[in-house]
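Enquirer: Return atomic coordinates for the entry below.
(one chain, ligands or ions: 2)
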Amino acid sequence: MTDITPTDEEQQRVVPVVAVVLAAGSGVRFDPRNPKQLVMLGGKPIVQWCLEAFEHSAAVTDIMVVVNDRVREPVEHIIETTGMTKVRAVINGGAERADSTQAALDTLARFGVPGDAKILIHDSVRPFVSQRQIQDCVDALDEFTAATVADPSTDTVLLTEALGDRKVIKSVPDRRFVFRAQTPQAFRYATIRRAYEFASQDHGFRPTDDTRVVVEYLPDEPVAIVAGSQFNMKVTTPEDMPFAELTAAIITRTSAKHDMRQVLMSAIDELMGGSDTTDQPGAPQQPAPDTQAR
Ligand SMILES: Nc1ccn([C@@H]2O[C@H](COP(=O)(O)OP(=O)(O)OP(=O)(O)O)[C@@H](O)[C@H]2O)c(=O)n1
Ligand SMILES: C[C@](O)(CO)[C@H](O)COP(=O)(O)O
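Expert: Ligands and ions are numbered 1, 2, ... in the order given. This is a model prediction of the structure:
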């Protein structure tokens with residue numbers, strides 16, 4: 001494992017924390033005529049939920065969005081009209097997910113991002129990433145060079161092989177060790193860059209996520225698991241929409257209640273002569289991690 005213990009001088013420096021939001025997919029399994037990253041969910045496009053989560057994160061310093069020609073204009077419109085301040089670039093992706101990540105890594109190199117920068121790569125179609133998950137990814141990189149949000153499998157997973165024209169079970173992994181990969185997937189820049197350099201020599205390699213690139217090509221670098229949840233779902237097919245709509249409605253309601261409590265507490269605070277009520281019993285609490293106000 002690479003030694004990433006910072007020197008005193010390095011500790012004084014602010015390490016960039018860059019969120020890369022991948023939105024260059026064509027959503028074939030959803031509806032290729034209707035890019036899913038732009039589909040409205042609880043009153044705003046799916047990609048906007050993700051962008052706002054990173055914009056509001058205290059840990060994230062910069063955001064890069066990876067798009068295709070079809071979605072570029074609407075995505076730029078969202079960034080402009082919502083007044084996001086952390087988006088540094090909207091770049092073109094590639095044919096496959098890994099090509100889009102590669103495009104982001106190349107752009108970061110051109111920007112001169114340091115090797116110890118923390119890079120969080122996120123699917124634009126996982127709208128409900130929580131502030132806790134983002135922060136836990138950032139923190140995990142103080143100990144590891146790679147980490148991924150993942151959710152323990154509640155299903156028993158079957159690994160299969162072909163037998164004639166059927167599939168039969170080859171093995172059944174112990175469920176206690178089985179997790180479902182989610183995003184963000186987080187890396188020190190030098191680590192993910194090196195893994196992708198190796199992968200680029202291997203033309204048949206088609207990873208569906210970024211941690212796999214580290215697992216395959218840098219097997220000595222452990223990839224830490226960060227707690228995910230079922231709410232950090234990916235919108236993959238139209239069947240995912242009812243659950244997504246329900247989750248969006250719950251978050252919007254919780255967030256509205258939270259805002260109302262904030263207004264009331266400030267009013268009370270003013271009436272009481274300006275005492276700080278935010279740390280006292282009954283002071284407004286953050287909504288539960290998975291339903292944090294965005
Ligand atoms: N060439 C690609 C392919 C995917 N993605 C992004 O990576 C995430 C992966 O989610 P997935 O459900 O696989 O998205 P799509 O590739 O769009 O879906 P499909 O495989 O059904 O076409 C999405 O945010 C997608 O926009 C990307 O930026 N560039
Ligand atoms: C990165 C990912 O979201 C992890 O669950 C996933 O691998 C993305 O793409 P997929 O094509 O749906 O597997």
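
Enquirer: Contact partners for the residue in the stretch 151-294 of the chain positioned nearest to ligand 1?
Expert: Nearest to ligand 1 in the stretch 151-294 of the chain, going by C-beta to the nearest ligand atom, is residue 236, at a distance of 4.7 Å. The C-beta positions use only the backbone N, C-alpha and C, and glycine is treated the same way. Applying C-beta atoms under 8 Å, 6 or more residues apart in numbering to residue 236 gives the contacts 29, 30, 125.

Enquirer: Buried ones among those residues?
Expert: Those of the contacts of residue 236 that meet the buried threshold are 30, 125, by 16 or more other C-beta atoms under 10 Å.

Enquirer: Also near ligand 1: which of the contacts of residue 236, exactly?
Expert: Counting by C-beta under 6 Å from any ligand atom, 29, 30, 125 from these sit close to ligand 1.

Enquirer: Check these against ligand 1 and report the nearest one.
Expert: Distances from ligand 1 to the ones next to ligand 1 among the contacts of residue 236, taken by C-beta to the nearest ligand atom, are shortest for residue 29, at 3.3 Å.

Enquirer: Is the closest one in contact with residue 240, as I believe?
Expert: No. Taking contacts as C-beta atoms under 8 Å, residue 29 lies outside contact range of residue 240: 9.8 Å.

Enquirer: who in the stretch 151-294 of the chain is up against ligand 2?
Expert: Residues of the stretch 151-294 of the chain lying near ligand 2 (C-beta under 6 Å from any ligand atom): 181, 182, 183, 208, 209, 234, 236.

Enquirer: From the residues you listed, list the buried ones, please.
Expert: 181, 182, 183, 209, 234.

Enquirer: List the residues that contact the first one.
Expert: The one in question is residue 181. So residue 181 contacts 148, 150, 209, 211 (C-beta under 8 Å, 6+ apart).

Enquirer: Nearest to residue 167 among those?
Expert: Using C-beta to C-beta, residue 209 comes nearest to residue 167 of the contacts of residue 181, at 22.8 Å.
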